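Novice: Could you look at this predicted model? Sequence included:
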Amino acid sequence: MSELLEQIATCIERGKVNANSPYPPDMKGQEGADELVKKAVDEGVAPEDILNEALIKGMGAIGKKFSANQVFVPDVLMAAKSMQAAMAHLRPFFESGQAKHKGTFVIGTVQGDLHDIGKNLVAMVMEGGGFKVVDLGVDVAPEKFVEAVKANPDACVGLSALLTTTMVNMEKTVAQIKETSPDTKVVVGGAPLTQEFADKIGADSYSPDPQGALDYLTSAVS
Ligand code: B1M
């Protein structure tokens with residue numbers, strides 16, 4: 001991995017948003033995720049490499065420390081903030097899809113769950129892959145998904161969950177969507193999910209990553 005990508009991964013992991021950010025104190029005055037990702041883009045580094053080798057790597061590193069109680073929620077929030085600043089530079093590349101949409105994709109993080117970084121990545125990749133995206137945000141009740149499907153009858157739906165305590169809310173969400181609109185394709189994803197769980201709750205597809213969701217729905221709508 002190039003030195004620049006390593007620097008970006010460190011900024012994400014340490015929650016260094018930009019040069020003006022005083023946090024973390026030992027990186028005061030240094031460039032942050034904001035400036036370094038812009039630099040990487042300007043230097044022509046592939047957006048996919050910046051995403052996979054720097055952004056996701058940095059989040060993965062802080063995730064491991066969070067699991068091991070070596071860092072705490074405020075540290076993770078700063079990491080998430082630097083991730084958002086970085087993603088702002090990549091979004092135009094992922095969103096510059098075709099003029100004509102393949103279809104509509106309704107996405108949200110399920111009820112009780114506030115994690116949105118993975119969900120935002122899926123939204124970006126789907127948009128770049130030619131879908132019009134309706135992003136319902138986080139902590140989305142099943143009824144809100146149903147309303148969105150009623151408003152967009154040809155849409156397919158993506159559900160994201162990061163917690164073992166909220167992935168169970170996917171089951172009622174899938175059930176309510178299918179009750180209203182049996183033909184609507186529902187894809188589920190998120191770190192704690194498995195194919196077995198997706199099968200059990202009646203989802204049409206499971207993908208561990210955004211590309212898998214795009215590939216499945218592209219073939220499902222064509
Ligand atoms: Co929380 N958190 N968190 N967290 N957090 C996890 C998920 C956790 C694994 C950390 C840990 O303890 N090891 C753990 C869950 C344990 C479990 O249930 N198994 C956890 C916990 C416990 C909590 C709280 C309960 C902590 C607390 O308050 N005590 C709390 C819950 C709040 C709530 O939701 N109600 C909480 C809060 C937070 C923050 C707010 C601080 C912050 C979220 C900020 C934000 O999202 N804006 C946060 C974060 C950042 C994390 C970790 C560190 C990173 C998650 C992330 O963004 N990863 C995470 C630990 C970890 O993952 N290692 C952790 C990067 C992102 C790119 O990956 O979201 O997995 P991910 O998305 C991937 C794939 O999963 C997939 O594509 C993405 C790109 O590859 N994907 C899909 C996702 N959705 C998809 C949908 C698809 C297809 C693919 O189709 C539709």
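Specialist: Yep, it's here. Numbers count the residues shown, from 1 in each chain.
Novice: can you pull up the bridge partners for the closest residue to Ala198 other than its chain neighbours?
Specialist: Leaving aside its chain neighbours, Ala198 sits nearest to Tyr206 (3.4 Å; criterion: CB to CB, 6 or more residues apart in numbering). From N, CA and C alone the C-beta is placed, and that goes for glycine too. With DSSP bridges applied, Tyr206 shows beta-bridge pairing to Val188.
Novice: Pretty sure Tyr206 sits against Gly189.
Specialist: Yes. Counting by CB atoms under 8 Å, Gly189 is a contact partner of Tyr206 at 6.6 Å.
Novice: Tell me which of those two has more neighbours.
Specialist: Of the pair Tyr206 and Gly189, Gly189 is the one with more neighbours under other CB atoms under 10 Å, namely 25 against 20.
Novice: Next one: the closest residue to that one other than its chain neighbours from the ligand, what distance?
Specialist: Excluding the flanking residues, the one nearest Gly189 by CB to CB, 6+ apart is Ser207, at 5.0 Å. Distance, Ser207 to the ligand, by CB to the nearest ligand atom, to the nearest Å: 4 Å.
Novice: same question, Glu13
Specialist: For Glu13, the distance to the ligand - CB to the nearest ligand atom - is 10 Å.
Novice: what number of residues lie near that residue?
Specialist: Counted with other CB under 10 Å, Glu13 comes out at 24.
Novice: for it, what are its contacts?
Specialist: Glu13 sits next to Gly58, Met59, Ala61, Ile62, Ala79 when contact means CB atoms under 8 Å, 6 or more residues apart in numbering.
Novice: hang on, the last one packs against Gly15?
Specialist: Translated: Ala79. Yes. Contact criterion CB under 8 Å: Ala79 and Gly15 qualify, at 4.7 Å.
Novice: Going by neighbour count, list what's buried in the top helix by length along the chain.
Specialist: Looking across the chain with DSSP state H, the single longest helix is helix 73-95. By neighbour count on 16 or more other CB atoms under 10 Å, the buried set for helix 73-95 is 75-76, 78-83, 85-87, 89-91, 94.
Novice: ditto for stretch 129-139
Specialist: Gly129, Gly130, Phe131, Lys132, Val133, Val134, Asp135, Leu136, Val138, Asp139.
Novice: got it, and stretch 155-174?
Specialist: By 16+ other CB under 10 Å, the buried positions in stretch 155-174 come out as 155-163, 166-167, 169-171, 173-174.
Novice: Out of those, name the ones that lie in helices.
Specialist: Thr166, Met167, Asn169, Met170, Glu171, Thr173, Val174.
Novice: Of these, just say which sits nearest to the ligand.
Specialist: Distances from the ligand to those, taken as CB to the nearest ligand atom, are shortest for Thr166 (6.7 Å).
Novice: which residues touch the closest one?
Specialist: Val110, Gln111, Gly112, Asp113.
Novice: so which of the residues you listed is the most crowded?
Specialist: Val110 (29 neighbours).
Novice: Adjacent strands (with direction) for the lengthiest strand in the chain?
Specialist: In the chain, assigned by DSSP state E, the strand with the most residues is strand 103-109. Strand 103-109 pairs in its sheet with strand 131-135 (parallel), strand 156-160 (parallel), by DSSP bridges.
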